[in-house]
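A.B. asks: below is the structure, and that's it, no one-letter string:
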């Protein structure tokens, strides 16, 4: 005999002596015959293999290849034996409660995993195979259990081809193979065995027997049939009562049906009149329509002639308009030609007036200087005379001294004359400088005003930044916090379907602060925008904004359907190994804000590159990155593949995180700018005042030193007269040019009036032409309608003839009028209707008669069939109940005899007592040889004796039930070595006697003492890993919620 098949992590070092009382030593020839016979007789539906993944606390178990007869699954506690049995129940469609491991399937998914997978392979060979042409020799049942407690099936053939994913197919397979995973005899779990051993209720044992033999299901089916029979009897009683009513109704309708025969003659006469009426209405008059069409066609020529006359008038009016327009254009050209000359004359006048004013100013200044020099000269003469008069009174030395001083004074005077000429020239320069300084002063005053406005703007920004320290929303405007409070109040009052979101910048946070200006330059006005779900909310938001935002400063409102999930833009977004996109550089608090920025700005396609040089290199040196539309630098510059735009922003306004630093920077910048501007203004004013004072002091000082400007005054006077003459001539030419332009404008006025009148004539002519054109169209449309009417009438005549032929094929010559025929037909109808009122409508009476007859016969047939069915059902159920009780007694007797036979193997005595009336089952066992009167309940036995008794009872149930495989979990857990050996011998003997069935026994024992046989296979599980955790089963309240 070959070696025993065993799957194990480690092989045992030695084998104990095989037991000869169960299996003898066969020859090789016998082995081959035995194996071939086994293959021919083995049962369909047995388990070939099972594999688990992420099931309970095991990441991977299996695949386990089971033998066709006896299989032992051995391993220490926690190695997964019970998991295999639980997976077998669940994998073949069993409920979670059947396993006694939980109330929901989700507890079988390993902690931390999203799903669990079970794969079971069933044998499908032999004459009882299920759809062998589809599935082949094996059926693979794959089941996936999801974390939410749902499960899905995939039924495959032996080759792995998917056949079905419906549970109904699995149920059909299980019914075909007679597999009952919820039957405790087929699959007895450890918890069910323990409950059975410790149960003190004899009624529970009886229920266990009934469930194992499927008698309980049979009983429930019979109860349902009897209940259905009672309901059917009630329906029969109601049907009999209804049948009496239908019979009376049928007789009534039959009497009315017999009383309507005399109306037939009047109906025949009415049909003859209908035939005559059909041919009487055929003769339709269509000649008047043809005559009216002929008259209208003759009027068409008049409309054509009128249109031609109108067209001639329109052309004449257009030519007149064009002639006047040409004349006006010539006059306009003349006026345009005079305009440059007028402008030139005006410029000459302005230049002459300016030159004359300058010459006059020089002359007046020289005259003033002349008067002053005269006074100085007079004073000098008086001083010289005083010196001369005092010369006789002084001594010779004094005289010489005075003479020397006089010479010095003369030299000084000569020097003063030279300085006078130079200072006169400087004075002209100073006057021009003063004029220029005044112009610069006016410019500086304007700049000072602009600077003050800029300073006020900077101070306002500084105040807003300080306010944003306590409330970041004030950065978007001082009125934003109050507006958002009003928005929240309005939303709570139900004015909005969904609360609008905004400003969008409040939901945006940058991962890198250096990119703040770049992001703000990219988003621009979207930072202050709001987002609404629908247009109704948009209108309400606009009304609310008008109360808080000044006109022209309302932020943008974007209507975009709210979604809780950000768009998947992986396939169209830009991905660069070094630089982020705007989408990846931001942390956005709300998915709606992210979707809005993706829709409005495409932030998934915009790169952020800090260096402008690198940005140019990436975007312009070669092809831009895939899906990249543009890029922004840290300074806010915008870079395209062929363009580069500098930013208008110097610093971020809305998205900066460090408000304190920004306030300090703004204050320092404001202080430096203001100080520099004030210093420049003070220096300029001081320089101007010093220059003016210096020029005025020097002019005043130089005017005291000048002696004579008479010759210059004469020259200036002549120059002033020349400039006055030039000015007068220029003014004269300018006035003449203005007069010419005025004359041209006076000529153009009447021409414009003529042009307007000609334009009115053109419009009137066009309107008259359009009027007659529309009249012509209406006239032609009228002719068309009448022709269509004629065609319809002709077609109607043909149809009438066809209809008349359908009513009565042979044409009748009708002498009577339609009116007389209609009157006679109405009289006949009235008589027929009067008869209807007396007897009712004939068709309705006939239909009611046949309906009543049909209903009566149908109800009568149904009642008869139901009575036959109830009678037959009573006979069948009587026979079935008789067979059921007979079957129950025979199964009970077989179970008793087999149980007594198994107890005697160990020299026990005992019996099973069935009370079918009270539905109880009691087991009494006496260990060893003894008095039958001293039999004890199994509860008084030891653990091993009780387990042995349980095995005997289960083997007894096996002998009276049918199933392709049988599973026991730790059947020998409470047995001692002697009872275990005896129970094992019994198991081996049963397995050997039923080689066409499969047995799967789970035990923590090593099973090393088993005999070697091709029918025995041991599956040894590995010891559990260190640190393995237990299953986290839900508590009782959670189980109730799951249920």
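C.D. replies: Everything's here; your move. Quick caveat, the model's predicted, so the values are computed rather than measured.
A.B. asks: and residue 540, what does it touch?
C.D. replies: Contacts for residue 540 (C-beta atoms under 8 Å, 6 or more residues apart in numbering) come out as 490, 495-496. (Each C-beta comes from the backbone N, C-alpha and C, glycine too.)
A.B. asks: same question for residue 81.
C.D. replies: 73-75, 969-970, 1002-1004, 1021.
A.B. asks: ok, residue 118 next?
C.D. replies: By C-beta under 8 Å, 6+ apart, the neighbours of residue 118 are 50-53, 55, 87, 90-91, 141-143, 145.
A.B. asks: next one: residue 117
C.D. replies: Here residue 117 is in contact with 52-55, 142-145 (criterion: C-beta under 8 Å, 6+ apart).
A.B. asks: may I see the PyMOL selection of the buried members of those residues?
C.D. replies: Restricted to buried positions by 16 or more other C-beta atoms under 10 Å, the PyMOL selection for the contacts of residue 117 reads:
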select buried, resi 52+53+54+55+142+143+144+145
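A.B. asks: buried residues, the host helix or strand of residue 989. List them.
C.D. replies: Counting by DSSP states H and E, the element that carries residue 989 is helix 977-993. Within helix 977-993, the residues scored as buried using 16+ other C-beta under 10 Å are 979-980, 982-984, 986-991.
A.B. asks: for it, the distance to its chain's centre please.
C.D. replies: Mean C-alpha position of helix 977-993 versus that of the full chain (C-alpha atoms, centre = their mean, to the nearest Å) differs by 66 Å.
A.B. asks: what packs against the helix or strand where residue 318 lies?
C.D. replies: Element membership for residue 318, per DSSP H and E: helix 287-391. Packed against helix 287-391 by the contact rule (3 or more C-beta pairs under 8 Å, 6 or more residues apart in numbering; DSSP states H and E) you find helix 396-470, helix 710-807.
A.B. asks: go again using 10 Å as the cut-off
C.D. replies: helix 396-470, helix 659-703, helix 710-807 (3 or more C-beta pairs under 10 Å, 6 or more residues apart in numbering; DSSP states H and E).
A.B. asks: in terms of mean pLDDT, which of those helices ranks lowest?
C.D. replies: Ranked by mean pLDDT, the helices and strands packed on helix 287-391 bottom out at helix 659-703, with a mean of 47.
A.B. asks: any idea how far residue 56 is from the closest residue to residue 149 other than its chain neighbours?
C.D. replies: In space, and not counting its chain neighbours, residue 149 is closest to residue 106: 4.2 Å by C-beta to C-beta, 6 or more residues apart in numbering. Relative to residue 56, residue 106 is positioned 12 Å away (C-beta to C-beta, to the nearest Å).
A.B. asks: what residues are shared contacts of the two?
C.D. replies: residue 116 (C-beta atoms under 10 Å, 6 or more residues apart in numbering).
A.B. asks: quick one, phi psi at residue 122?
C.D. replies: Backbone dihedrals for residue 122, given as degrees, to the nearest 10, come out at phi -110, psi 140.
A.B. asks: is it true that it touches residue 156?
C.D. replies: No: taking C-beta atoms under 10 Å as the definition, residue 122 is not a contact partner of residue 156, at 11.2 Å.
A.B. asks: who has more neighbours out of the two?
C.D. replies: Higher neighbour count among residue 122 and residue 156: residue 122, with 23 against 20, using other C-beta atoms under 10 Å.
A.B. asks: so where's the stretch 201-350 of the chain uncertain?
C.D. replies: Across the stretch 201-350 of the chain, the ranges flagged by pLDDT under 70 are 256-265, 279-288.
A.B. asks: how many residues are close by the residue lying closest to residue 327 once chain neighbours are set aside?
C.D. replies: In space, and not counting its chain neighbours, residue 327 is closest to residue 751: 5.7 Å by C-beta to C-beta, 6+ apart. Residue 751 is flanked by 17 other residues according to other C-beta under 10 Å.
A.B. asks: same thing with residue 636?
C.D. replies: 22.
A.B. asks: what does residue 331 give?
C.D. replies: 16.
A.B. asks: cool, and residue 251?
C.D. replies: Residue 251 has 11 nearby residues by other C-beta under 10 Å.
A.B. asks: for residue 61, see how far away it is.
C.D. replies: Relative to residue 61, and taking C-beta to C-beta, residue 251 is found at 78 Å.
A.B. asks: again with residue 553
C.D. replies: Counting by C-beta to C-beta - residue 553 and residue 61 are separated by 70 Å.
A.B. asks: out of those two, which sits in the busier spot?
C.D. replies: Set residue 553 next to residue 61 and count neighbours by other C-beta under 10 Å: residue 61 wins out with 22 against 10.
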